[in-house]
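Student: Structure, please.
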Amino acid sequence: MSETHRAERRSERYLPFLLASAAHHVAGRFHAGLRRHDLNVLSWRVLSTLSEGRGFTVNELCEHCLAKQPTVSKVIDRLEQHCWVQRRRDPVDGRRVVVEITPAGLRKIGPVLAEAQAYDRSIARGYSARELDELRRTLRELIERHRR
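Tutor: Prediction:
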């Protein structure tokens, strides 16, 4: 057996590699399509998270969007310039600032959310509902166990 073949087999068993590879291959085509909407991946993540209908703090957005605070703050600044998001004081705790999506932001992200749902369905083809539920459960559990 060649050294290259052994290395390939090891990487195919290495869970972090498999997770990263799956994310790269599964999300890559959708992420490339975001350019048609004049969005990058992080802008998509921020707007789609905010489309849930409630305000998020910057720290909460960082967690949901898988990015660090300075980067997320810069994206929020750009989205705010487009009037797609707004910052406001939290009515419950005036020391906190929350970021919310605006009606213009909802109009911007609506078609992208529809494409994301269609893309999700296309990925799911060929898997049973039980298999998909188990995969989602396992991934959520893995994330929760290793959350920073």
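Student: Kindly tell me how buried the closest residue to residue 34 other than its chain neighbours is, as a neighbour count.
Tutor: In space, residue 34 comes closest to residue 44 once its chain neighbours are excluded; the distance is 5.3 Å by C-beta to C-beta, 6 or more residues apart in numbering. Where C-beta positions appear, they are placed from N, C-alpha and C, glycine not excepted. Residue 44 is flanked by 21 other residues according to other C-beta atoms under 10 Å.
Student: Residue 44: what's it in contact with?
Tutor: Going by C-beta atoms under 8 Å, 6 or more residues apart in numbering, residue 44 touches 31, 34, 37, 109, 112.
Student: Tell me the most packed of these, by neighbour count.
Tutor: That'd be residue 109 among these, by other C-beta under 10 Å, with 23 neighbours.
Student: thought it was touching residue 115?
Tutor: No: applying C-beta atoms under 8 Å as the test, residue 109 and residue 115 come out as separate, 10.3 Å apart.
Student: In the protein, where's the longest helix?
Tutor: Longest helix in the chain by number of residues (criterion: DSSP state H): helix 103-124.
Student: quick revisit: does the residue nearest to residue 34 count as helix, strand or coil?
Tutor: Three-state call for residue 44 (DSSP: H, G, I helix; E, B strand; the rest coil): helix.
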